[in-house]
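K.L.:
the amino acid sequence is not available; the structure is as follows:
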């Protein structure tokens with residue numbers, strides 16, 4: 001078995017967890033056979049001393065299909 005890894009950046013105005021979930025949800029639209037996801041990095045956008053956006057760089061692992 002061989003797996004491939006892609007990075008997807010999820011974004012949310014609510015939380016890091018939602019940002020990571022958004023990354024997986026978006027990847028699932030085109031990536032089949034997803035097995036694992038790992039959040040590699042967290043980032044926050046700040047404006048007027050407040051967090052305005054959460055970003056989660058998420059590594060998605062999926063099986064490479066053999067035909």
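P.N.:
Ah, there it is. A quick note: this is a predicted structure, and the numbers were derived from the prediction, not measured.

K.L.:
within the sheet, what are the partner strands of the helix or strand hosting residue 62, with directions?
P.N.:
If you go by DSSP states H and E, residue 62 is part of strand 50-63. The strands beside strand 50-63 in its sheet (DSSP bridges) come out as strand 3-12 (antiparallel), strand 34-47 (antiparallel).

K.L.:
got these as a markdown table, with mean pLDDT and mean neighbour count columns?
P.N.:
Heads up, the C-betas are built off the backbone N, CA and C, glycines and all. Shown next, in a markdown table, are the strands paired with strand 50-63 (pLDDT from 0 to 100; neighbours: other Cβ atoms under 10 Å):
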| stretch | mean pLDDT | mean neighbour count |
| --- | --- | --- |
| strand 3-12 | 95 | 15 |
| strand 34-47 | 96 | 12 |
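
K.L.:
in JSON lines: those strands, plus distance to residue 54.
P.N.:
As requested, these are exported to JSON lines (distance: least, Cβ to Cβ, whole Å):
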{"stretch": "strand 3-12", "distance to residue 54": "5"}
{"stretch": "strand 34-47", "distance to residue 54": "6"}
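
K.L.:
of these, which is nearest residue 25?
P.N.:
Closest to residue 25 of these, according to Cβ to Cβ: strand 3-12, at 8.0 Å.
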